[in-house]
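**Q** predicted structure and sequence below. I'll ask about it afterward.
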Amino acid sequence: MMNDPSFPQNPSCCSGSPSCTAALVLGIIALVLALIGFFLCLGWVALIPAGLLAIIALIMSIVAASKGSPKGALVVSIIAVVLTLMACGAQIWMVSSASAFAEEHSVEFQKIMDNSTKEVPKEGESLRRPQAPAPAVPAAPAAERGETSDTL
């Protein structure tokens with residue numbers, strides 16, 4: 001059945017086309033970087049290469065698809081571009097939310113900073129505060145301590 005000429009033969013994605021294979025690989029790498037872009041700390045670091053790789057993969061997959069290659073790389077690169085744009089939007093939203101929170105609570109932050117600078121010791125002073133002496137513990141009688149009185 002597989003060798004039957006009437007049976008449609010679907011070539012595997014990017015078979016025989018190096019530009020299609022390269023576009024697929026770049027698109028997958030861009031997808032992974034775009035997913036990392038949703039994290040707050042790593043986002044901006046990963047989004048710049050994700051965007052560049054997604055655009056390069058999109059261009060390469062359009063060229064390969066126009067030459068008759070399968071469109072798998074094109075789909076992956078379009079998804080990578082969309083996901084990168086979504087991650088950029090998420091990063092912008094997170095940064096704007098954090099800055100709005102900081103502006104709302106700037107007075108409280110300033111009070112905390114002022115209080116922390118008052119507690120910084122001057123040169124030659126110690127950070128330790130003087131401790132109150134420990135309360136004296138009354139001594140237990142000799143019988144409770146396990147001592148015997150053998151004084152003769």
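**A** Thanks, I have it.

**Q** pretty sure residue 77 contacts residue 58?
**A** Yes: look at residue 77 against residue 58 with CB atoms under 8 Å: they come within range, at 4.2 Å. No exception for glycine: its C-beta is placed from N, CA and C like everyone else's.

**Q** what about the two, which has more around it?
**A** Between residue 77 and residue 58, residue 77 has the larger neighbour count (other CB atoms under 10 Å), namely 27 against 21.

**Q** quick one: the more buried one from residue 94, how far?
**A** Using CB to CB, to the nearest Å, residue 77 is found at 26 Å from residue 94.

**Q** how about the contacts made by the closest residue to residue 91 other than its chain neighbours?
**A** Nearest residue to residue 91 in three dimensions, chain neighbours excluded: residue 43, at 4.5 Å (CB to CB, 6 or more residues apart in numbering). Taking CB atoms under 8 Å, 6 or more residues apart in numbering as the criterion, residue 43 is in contact with 36-37, 87, 90-91, 94.

**Q** same for the top helix by length along the chain, what does it pack against?
**A** In the chain, assigned by DSSP state H, the helix with the most residues is helix 72-104. Judged by 3 or more CB pairs under 8 Å, 6 or more residues apart in numbering; DSSP states H and E, helix 72-104 is in contact with helix 18-36, helix 43-66.

**Q** and the shortest one, what's buried?
**A** Buried residues in helix 18-36, counted by 16 or more other CB atoms under 10 Å: 19-31, 33-34, 36.

**Q** ok, back up a step: list the buried residues of the longest helix of the chain.
**A** Buried residues in helix 72-104 (16+ other CB under 10 Å): 72-74, 76-81, 83-85, 87-88, 90-91.
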